[in-house]
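Novice: Output the structure for:
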Amino acid sequence: MELAVGTVLEGKVTGITKFGAFVTLPEGKSGMVHISEVANTYVSDIKDHLTEGQEVRVKVISIDELGRIGLSIKKALPQAPRRPVSRDSSFSDGKKSSQQNRGNLTFEDKLKMFMQDSESKMSDLKGHIDKKSGSRRPRK
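Specialist: Residues are numbered from 1 along each chain as shown. Predicted coordinates for the structure are as follows:
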């Protein structure tokens, strides 16, 4: 069987390090699961999630030019069904609320929206402060 990116396989954990776990795959091949690919949550100690000899389901996420195989346990997990976005609630001026709309955006888009919101709030705050302090004249 030829390994390809996207293939989901069963393997056995053969070694654990601070940065990941080595997994033996069919046909004597092996790959590594980086600590960031172990679970959908933050993993500070990989030994809290894996043990040597444990059978795991992994997805091939990379094969480099040297033949090293990058694996992911979290990407091999079944995907939770996405909740459909309700179109009959949370409308304002014909648009979805910003919180509903943010669920389908990329990280960069979310960051851009956050920065715009932040700049707008800071501008409003600065204007409010300037109004309060700008109307007074220093006493002589």
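Novice: residues in contact with the residue at minimal distance from the centre of the chain?
Specialist: Nearest residue to the geometric centre of the chain (Cα atoms, centre = their mean): Asn40, 7.9 Å. Listed by Cβ atoms under 8 Å, 6 or more residues apart in numbering, the contact set of Asn40 reads Lys74, Leu77. Placement of C-beta: from N, CA and C, glycine included.
Novice: And it, how far from Val8?
Specialist: From Asn40 across to Val8, the span is 16 Å (Cβ to Cβ, to the nearest Å).
Novice: now Ile73
Specialist: Counting by Cβ to Cβ, the separation of Ile73 from Val8 is 11 Å.
Novice: Looking at those two, which has the bigger crowd around it?
Specialist: Neighbours were counted for Ile73 and for Val8 using other Cβ atoms under 10 Å; Ile73 has more, 22 against 11.
Novice: I'd guessed that one sits against Met32; true?
Specialist: No - counting by Cβ atoms under 8 Å, Ile73 sits too far from Met32 to count as a contact (11.3 Å).
Novice: ranges for the strands of the chain?
Specialist: Taking DSSP state E, the strands of the chain run over residues 8-16, 20-24, 30-34, 55-63, 69-72, 91-92, 95-96.
Novice: per-stretch mean pLDDT over those, give me the minimum one.
Specialist: When the strands of the chain are compared by mean pLDDT, strand 91-92 comes last with a mean of 44.
Novice: would you turn the strands of the chain into CSV with distance to Lys131?
Specialist: Putting the strands of the chain into CSV (distance: least, Cβ to Cβ, whole Å) gives the following:
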stretch, distance to Lys131
strand 8-16, 61
strand 20-24, 56
strand 30-34, 53
strand 55-63, 55
strand 69-72, 54
strand 91-92, 27
strand 95-96, 30
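Novice: and of those strands, who's closest to Asp48?
Specialist: Checking the strands of the chain against Asp48 by Cβ to Cβ gives strand 8-16 as the closest, at 10.8 Å.
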